[in-house]
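>>> Next comes the sequence, and after it the predicted model I'd like to discuss.
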Amino acid sequence: MAPSRAGVDWHGWSLSPTGKGMIVCSGGILYNPDTQRPSYGTLPYGESWRQAVFTCWSRVTGVSCRSRHGHGLLISRQAWRAW
C-alpha cells in the first residue's frame with residue numbers, strides 16, 4: 001500500500017522523539033546504524049516494546065507506536081496513519 005508520492009522502492013515509516021510520524025521513501029535496504037546490517041524484530045500480538053521515549057504495541061489489528069510527546073503511527077494490513 002505505497003503512498004502515491006513514493007517511488008517503487010519505499011520502505012516504511014519513521015518516528016522521531018519530538019516530531020510527527022512520517023513515511024520514509026528510499027531505495028535499497030534500511031540499516032541499523034550501529035551494525036550496518038538490516039535490523040528486523042518481531043513483536044508478538046499482545047506484547048509491547050519500550051525504548052527511550054517510544055512505546056509500541058502489537059495487536060491482531062496492527063502495530064501502533066507513540067512517542068512521549070503524543071506523535072505516533074499505526075500500521076496494519078488495511079491501512080496506515082501517522083500523526
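On my side now, so go ahead. Residues are numbered from 1 along each chain as shown.

>>> and the nearest residue to Ser67 once chain neighbours are set aside, how far is that from Trp80?
The shortest distance from Ser67 to any non-neighbouring residue, by C-beta to C-beta, 6 or more residues apart in numbering, is to Val53 (5.1 Å). Heads up, the C-betas are built off the backbone N, CA and C, glycines and all. Computed as C-beta to C-beta, to the nearest Å, the Val53 to Trp80 distance reads 21 Å.

>>> who has more neighbours, the two?
Neighbours per residue (other C-beta atoms under 10 Å) separate Val53 from Trp80, with Trp80 holding more: 17 against 14.

>>> close enough to count as contact, the more buried one and Leu74?
Yes - counting by C-beta atoms under 8 Å, Trp80 does reach Leu74; the two are 6.5 Å apart.

>>> Tell me how many other residues crowd Gly62.
Gly62 has 16 nearby residues by other C-beta under 10 Å.

>>> List the contacts of it.
Contacts for Gly62 (C-beta atoms under 8 Å, 6 or more residues apart in numbering) come out as 74-78.

>>> same check, this time on Trp49
Trp49 makes contacts with 41, 43, 55-56, 58, as judged by C-beta under 8 Å, 6+ apart.
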